[in-house]
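K.L.:
Below is the sequence, then the predicted model.
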Amino acid sequence: MNANSVFNSNLKAAQQPTWPDQGAVDAVVKELATYPPLVFAGECDNLKEKIAQAAAGNAFWLQGGDCAETFVAATADSVRNRIKTILQMAAVLQYFSSLPVVKVGRMAGQFAKPRSNDSETRNGVTLPAYRGDAVNDLEFTKEARTPNPKRLLKVYNTSASTLNLVRAFTQGGFADIRQVHSWNKGFAADARFSARYEEMANEIGRALQFMQSAGVDPEAFKSVDFYSSHEALILEYEKALTRIDSRTGNAYDVSAHFLWIGERTRQLDGAHIDFAEKIHNPTGVKLGPKTTPEEALAIIKKLNPKNEPGRLTFISRMGATLIREKLPPLVEAASKSGASVLWVCDPMHGNTYEAPSGYKTRKFDDVLDEVRGFFEVHKKLGTHPGGIHIELTGDDVTECVGGGDQISHEDLATRYESACDPRLNHTQSLELAFLVAEMLRDHKK
């Protein structure tokens with residue numbers, strides 16, 4: 001059975017590239033359809049079970065990585081530093097909350113971005129907007145900005161090499177909890193949070209030594225489950241990597257374990273929601289401040305009519321000033337309907353603004369305040385704040401202002417390396433983890 005036959009090809013797909021040669025697109029799609037899976041259906045099912053636990057309040061979801069991955073930045077050092085940052089954040093969250101942490105990377109596939117405008121004008125020259133390395137190049141020339149479907153083949157190959165590194169790091173001993181001290185090496189130290197992290201690592205080490213002295217050496221300490229995710233945006237790519245699972249006969253998008261549909265592409269009658277409806281991966285949907293309770297319920301009915309635990313995640317992206325007003329009606333409506341939904345906070349996308357220097361940035365305090373508002377809403381409603389969705393890097397960039405480093409607007413130019421949106425650096429990510437851990441601990445009381 002052809003997996004593509006399950007999709008409705010007549011529906012409109014928003015935010016798609018304007019490919020100059022459809023024949024070239026068809027040739028690339030045909031080639032991609034012959035490639036091996038990047039992930040396996042059974043792994044997606046395992047993640048779905050963990051999401052169900054998080055939705056029930058018995059785990060916490062941590063999703064982090066680049067705003068938009070680039071081919072040139074897919075190096076071993078970059079991948080390792082992102083994994084180290086997520087592992088550190090997870091250790092902090094798990095240690096202080098006593099909850100398992102579901103670790104998910106915005107990586108190995110996050111190469112495409114939606115844009116507000118199809119074109120960009122500089123000095124009187126208008127060219128197609130940069131839509132991520134999957135489509136075109138950031139360089140502002142006609143050749144670089146012309147959408148090229150052959151880049152989708154490089155997306156697959158770069159994702160495969162990234163996943164190979166992820167599996168090696170997380171299964172080959174690097175992620176062993178007994179290495180919790182070494183994860184801090186090589187990072188620029190912020191005295192406040194490095195000291196606090198080392199104190200926690202020492203306590204974990206003593207606990208592990210005690211267990212070893214008692215003859216306990218669990219295999220679970222030696223590796224971690226680490227899942228891949230990206231926005232399901234370019235449908236030619238996602239459909240080409242959809243396969244029919246031999247065990248069940250169900251369709252799975254084997255480009256990633258977890259896919260989400262963005263705020264700009266979640267039209268109920270659109271091609272992206274149709275795609276999400278037909279695949280059996282655990283799936284997320286971004287909800288912005290204009291989302292109504294009726295829309296949220298319609299999405300639930302469309303994507304999870306059987307109310308399967310772990311199937312659907314709602315990722316709110318309201319902005320710090322609106323989270324406390326706009327989120328409660330959505331959570332209430334879903335809760336009253338009896339729907340099994342994991343609620344995750346994306347405190348990044350609703351808090352972006354342009355600094356006087358022209359750089360897109362975010363205030364760390366706004367990011368923190370949106371997470372705090374997210375917890376407050378769930379505390380008031382008696383529901384579970386299931387997780388956070390963060391754009392971060394393991395590198396010491398200067399893209400978001402504030403935090404322990406006290407990055408200013410003037411500092412942004414020092415190391416602004418993002419191809420699209422600003423990310424938290426390593427120190428800011430670790431600081432956020434400690435603050436969220438405190439919220440999570442207080443929420444459980």
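P.N.:
Done, it's in.
K.L.:
secondary structure element for residue 159?
P.N.:
Assigned by DSSP states H and E, residue 159 belongs to helix 151-171.
K.L.:
C-terminal to that helix, what's the next element?
P.N.:
Sequence-wise, the next helix or strand downstream of helix 151-171 (DSSP H and E) is helix 191-213.
K.L.:
Can you tell me what sits against that next one?
P.N.:
Residues from elsewhere that reach helix 191-213, judged by C-beta atoms under 8 Å, 6 or more residues apart in numbering: 88, 91-92, 95, 177-178, 180-181, 184, 187, 217-218, 221, 404, 427, 430-431, 434. Any C-beta I mention is one placed from the backbone N, CA and C, and that applies to glycine too.
K.L.:
rerun at 7 Å
P.N.:
Here helix 191-213 makes contact (C-beta atoms under 7 Å, 6 or more residues apart in numbering) with 88, 92, 95, 177-178, 180-181, 184, 404, 427, 430-431, 434.
K.L.:
Now render those residues as JSON lines, adding distance to residue 157 and pLDDT.
P.N.:
Output for those, formatted as JSON lines (distance: C-beta to C-beta, whole Å; pLDDT from 0 to 100):
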{"residue": "88", "distance to residue 157": "29", "pLDDT": "90"}
{"residue": "92", "distance to residue 157": "34", "pLDDT": "91"}
{"residue": "95", "distance to residue 157": "37", "pLDDT": "90"}
{"residue": "177", "distance to residue 157": "32", "pLDDT": "83"}
{"residue": "178", "distance to residue 157": "34", "pLDDT": "78"}
{"residue": "180", "distance to residue 157": "33", "pLDDT": "84"}
{"residue": "181", "distance to residue 157": "35", "pLDDT": "77"}
{"residue": "184", "distance to residue 157": "32", "pLDDT": "77"}
{"residue": "404", "distance to residue 157": "37", "pLDDT": "80"}
{"residue": "427", "distance to residue 157": "33", "pLDDT": "89"}
{"residue": "430", "distance to residue 157": "32", "pLDDT": "90"}
{"residue": "431", "distance to residue 157": "35", "pLDDT": "91"}
{"residue": "434", "distance to residue 157": "37", "pLDDT": "91"}
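K.L.:
What's the ChimeraX line that selects buried ones from those residues?
P.N.:
The buried residues among those can be selected in ChimeraX (16 or more other C-beta atoms under 10 Å) with this line:
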select :88,92,95,177,180,184,404,427,430,431,434
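K.L.:
Could you find which two of the contacts of helix 191-213 are furthest from each other?
P.N.:
178 and 404 (26.9 Å; C-beta to C-beta).
K.L.:
JSON lines for the contacts of helix 191-213, including distance to residue 352?
P.N.:
Shown next, in JSON lines, are the contacts of helix 191-213 (distance: C-beta to C-beta, whole Å):
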{"residue": "88", "distance to residue 352": "25"}
{"residue": "92", "distance to residue 352": "26"}
{"residue": "95", "distance to residue 352": "31"}
{"residue": "177", "distance to residue 352": "35"}
{"residue": "178", "distance to residue 352": "39"}
{"residue": "180", "distance to residue 352": "33"}
{"residue": "181", "distance to residue 352": "35"}
{"residue": "184", "distance to residue 352": "29"}
{"residue": "404", "distance to residue 352": "21"}
{"residue": "427", "distance to residue 352": "20"}
{"residue": "430", "distance to residue 352": "22"}
{"residue": "431", "distance to residue 352": "19"}
{"residue": "434", "distance to residue 352": "24"}
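K.L.:
Which of the contacts of helix 191-213 sits closest to residue 53?
P.N.:
After measuring the contacts of helix 191-213 against residue 53 - C-beta to C-beta - the closest member comes out as residue 95, at 18.3 Å.
K.L.:
Now find how far off-centre stretch 112-123 is within its chain.
P.N.:
Its chain's C-alpha centre lies 22 Å from the corresponding centre of stretch 112-123 when counted by C-alpha atoms, centre = their mean, to the nearest Å.
K.L.:
any idea of the mean pLDDT in that stretch?
P.N.:
Across stretch 112-123, the average pLDDT comes to 95.
K.L.:
Check stretch 256-270 too.
P.N.:
Per-residue pLDDT over stretch 256-270 has a mean of 98.
K.L.:
Quick check: the nearest residue to residue 183 once chain neighbours are set aside vs residue 179, distance?
P.N.:
Residue nearest to residue 183 in three dimensions, not counting chain neighbours: residue 84, with 4.8 Å by C-beta to C-beta, 6 or more residues apart in numbering. Distance check for residue 84 against residue 179: by C-beta to C-beta, to the nearest Å, it reads 10 Å.
K.L.:
more crowded one of the two?
P.N.:
residue 84 (22 against 16; other C-beta atoms under 10 Å).
K.L.:
Following element in sequence after the host helix or strand of the more buried one, please.
P.N.:
Using DSSP H and E, residue 84 sits in helix 76-97. Counting by DSSP H and E, the element after helix 76-97 in chain order, helix or strand, is strand 101-106.
K.L.:
who does the helix or strand just after that next one touch, helix- and strand-wise?
P.N.:
Downstream of strand 101-106, the first helix or strand assigned by DSSP H and E is strand 119-122. Counting contacts by 3 or more C-beta pairs under 7 Å, 6 or more residues apart in numbering; DSSP states H and E, strand 119-122 is packed against strand 125-128.
K.L.:
In the following helix or strand past the strand it packs on, which residues are buried?
P.N.:
Counting by DSSP H and E, the element after strand 125-128 in chain order, helix or strand, is helix 142-145. Within helix 142-145, the residues scored as buried using 16+ other C-beta under 10 Å are residue 145.
K.L.:
which secondary element of this structure has the worst mean pLDDT?
P.N.:
Within the chain, confidence by mean pLDDT, DSSP states H and E is lowest for helix 191-213 among all helices and strands, at a mean of 81.
K.L.:
ok, residues contacting the following helix or strand past that helix?
P.N.:
Counting by DSSP H and E, the next helix or strand C-terminal to helix 191-213 is strand 226-231. Contacts with strand 226-231, where a contact means C-beta under 7 Å, 6+ apart, come from 39, 47, 63, 103-110, 112, 163, 166, 170, 256-260, 262.
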